[in-house]
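[1] here's my sequence, what's the structure:
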Amino acid sequence: MANKKENTTKSFVLRVDAATMDAIEKWAADEFRSTNGQLQWIINEALRKSGRLKKPKKGTAGESSDKVDDKVSKEE
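    Take a look at the predicted model:
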């Protein structure tokens, strides 16, 4: 049986000033994401780039996008 902690999504309240929220909403629309999805992506990227987030195990969701991001970073 899978560990429930691994699959749990936690909710919390986040307060953001209006200008920041407007920018996040526009960015989300540009990327065809929901505002919530965009915030999750921003946080995930920041954690991954700072080395604070463990890399996903092979065969898990997100692996292919990490490879694409790494390839793009190497090309720049």
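[2] so what's the residue count around the nearest residue in space to Thr35 that is not next to it in sequence?
    In space, and not counting its chain neighbours, Thr35 is closest to Ala28: 4.8 Å by C-beta to C-beta, 6 or more residues apart in numbering. For every residue, glycine as well, the C-beta is placed using N, CA and C. For Ala28, the number of neighbouring residues by other C-beta atoms under 10 Å comes to 18.
[3] before we move on, what about Gln38?
    19.
[4] residue ranges with poor pLDDT in this protein?
    Low-confidence segments of the chain, defined by pLDDT under 70, are located at 1-6, 57-76.
[5] what's around the closest residue in space to Met21 that isn't next to it in sequence, how many residues?
    Leaving out its chain neighbours, the residue that sits closest to Met21 by C-beta to C-beta, 6+ apart is Thr35, at 8.0 Å. When neighbours are defined as other C-beta under 10 Å, Thr35 has 14 of them.
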